[in-house]
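J.: Sharing a sequence plus its predicted fold:
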Amino acid sequence: MNSGFLFWTLALSLQLTNARNIAGVPGEEYKVWAKEGSQAILPCILSPQKLKSTWRQLYKGLVVRWVWHGDSSHKRRRLVLKMEPSGLKKMGLFTKHRTTVWDPGFLRGNFSLQIDPLLKEDAGIYEALVKYGRNLWHCKVKLGVVTVAASPPGPLVESEAVKLSCSSTHPEKPTKICWFHADVLVHPVTGRFIPLDHSLSISRLVSSDSGPWVCELSFASGERIYATHNLQVIGFAETMVSVVYTAAGSDAHLPCALNYNPTDYGISKVAFHWSYMAREEIRAMPIPSHGRNRHFSLHLPAVGLEDAGQYLCEITLQDTTTITKNVTLAVMTVTTNAEAAVVTEGSHLLLTCNLSYHTGNEHFQWRQLGFGSWPAAASSPAEVSSWESTLEFPAVSLNDGGTWECSVYGPDGQLASIQYHLEIAGTQTSSSQPVNAKVIPGLILAFVVLVALVLALTLLRKRRASPNFPALDRMVPTLREKGVKSGDQEEKVLKIEY
């Protein structure tokens, strides 16, 4: 059985009670149970057809009077509320300002009495007298009050104790009392829950104890009564993680948050303190997030292995109650077996992803993000390479260079990640070593200059070489002398040839 089922059972019971009032059987008594401090509605609904009147006449000539008879031992009557035909309302002293009849309901024949807030002393028999002309009708309702209280009343804080008590104005003694929390039946066993008569003691409260607690009273007659108390326990938020994973060199945020704002429950004094278990002081001062009195996170910039370990968050309320929460900072690092920052091609390489703290549920994933300069390579993820904490390269190659990312995962998904830039230097005998782009233009220019020099030397050697016809060379000077002496004849000959 759960609280939802209890709620609908009670609602159905009230609906059946209302239906029986609509029937208007004279002198029949109806039972209504309500929780102390809440609103109680005592039904009295008569059919307008039974009154045999128009709406306007009904509103003008109607007299409604509610009286309280107390329990069976009381013989005196007290006026609760009276409405005259003129619209004047008269209220009794002991329920003054707590009772009313919904005026618009008159037009629909609804004369139900509302009591808010309900007190335990309000229990008893109520009777409504509805008079119109010579006709007189009455509704009789027996009101029972169920009380569920917490001691101390609150606000409650984690680690404190509370006692829930359940009682009613039922004349019989309950044969059985059951408690439900979060739709689950509470089994009173030795530990935090200890039953005692009509009460339930809860020791060492935790934030998960917050919420509705349902009390079920069973009687020998077969009648069952239900009441709910909403318990509020101020403590740490259930969403707070106990281990924070952060890569070395990154900022860390250690959470410390309450499930409720203490100021909403009248707690004005709230003090908090962070401490590091490995040393007396911490590097950073805690600053409340956004100035709210519910969040007290600790910010650590650029953490390293020296910051790893347990931190303690202490919150003190009203200078009396202090609650604590441990938060562990796990720092991720990457180590390698290489002695130098640049790894030589063909060497054996190991990359190991380390955690300063393990819960036993972590697993790792290595993957190569891509090639190129650091950190631009992180924008081009590649295929998954390994699911182990150590990534092994039997003979590293140039294609293995670039950015490698190690991620740590838990049962709920990824926790953190760290990146490592792997730089590889190629060997001189490697045939696959690429040629530098700046060397190629120089080689081309040197080749052109060399070809030009070869051509120039070739032409120079041709001019200095001996001719193939030496007789012609002896005739040249003779022809030059003749040309000087017979210049006139040559000029004539040229003219004739022209």
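T.: Done, it's in.

J.: Doesn't V80 belong to a strand?
T.: Yes: assigned with DSSP: H, G, I helix; E, B strand; the rest coil, V80 falls within a strand.

J.: what's near enough to touch it?
T.: Neighbouring residues of V80 by Cβ atoms under 8 Å, 6 or more residues apart in numbering: W66, V67, W68, M91, G92, T95, T99, L113, Y126. Heads up, the C-betas are built off the backbone N, CA and C, glycines and all.

J.: change it to 7 Å
T.: For V80, the contact set (Cβ atoms under 7 Å, 6 or more residues apart in numbering) comprises W66, V67, W68, G92, T95, T99, L113, Y126.

J.: In the host helix or strand of the first one, which of the residues would be classed as buried?
T.: Secondary-structure element containing W66, defined by DSSP states H and E: strand 62-70. For strand 62-70, the neighbour count (16 or more other Cβ atoms under 10 Å) marks L62, V64, R65, W66, V67, W68, H69 as buried.

J.: per-residue confidence averaged over that strand?
T.: Mean per-residue pLDDT for strand 62-70: 88.

J.: Who's the closest spatial neighbour of W102, skipping the chain neighbours?
T.: Excluding the flanking residues, the one nearest W102 by Cβ to Cβ, 6 or more residues apart in numbering is N110, at 6.6 Å.

J.: and the one you found, bridged to which residues?
T.: Taking DSSP bridges as the rule, N110 bridges to I45.

J.: Please apply the same query to T246.
T.: For T246, the beta-bridge partners under DSSP bridges are V331.

J.: just N230 next, same as before
T.: Where N230 sits in a bridge, its partners, by DSSP bridges, are P212.

J.: Surely it touches P212?
T.: Yes: N230 lies in contact with P212 (Cβ atoms under 7 Å); the separation is 5.4 Å.

J.: Check the gap between the nearest residue to P188 once chain neighbours are set aside and S201 for me.
T.: Nearest non-adjacent residue to P188, counting by Cβ to Cβ, 6+ apart: P195, 3.9 Å away. According to Cβ to Cβ, to the nearest Å, P195 stands 8 Å off from S201.

J.: And the strands in the stretch 301-450 of the chain, which stretches?
T.: 309-317, 321-336, 342-344, 349-355, 363-370, 384-386, 390-393, 402-410, 413-425 (DSSP state E, counting those that start in this stretch).

J.: Could you spell out the sheet neighbours of the third one, each with its direction?
T.: It refers to strand 342-344. Sheet pairing of strand 342-344 (DSSP bridges) gives strand 413-425 (parallel).

J.: shaky segments in the stretch 1-150 of the chain?
T.: In the predicted model of the stretch 1-150 of the chain, residues 1-28, 47-60, 72-75, 103-107 satisfy pLDDT under 70.

J.: circling back: from what I see, the residue nearest to W102 and L42 are in contact.
T.: No: taking contacts as Cβ under 7 Å, N110 lies outside contact range of L42: 11.6 Å.

J.: Who has more neighbours out of those two?
T.: Using other Cβ atoms under 10 Å, the more surrounded residue of N110 and L42 is L42, with 26 against 18.

J.: Return the residues in contact with that one.
T.: L42 sits next to V32, S112, L113, Y126, V141, L143 when contact means Cβ under 7 Å, 6+ apart.
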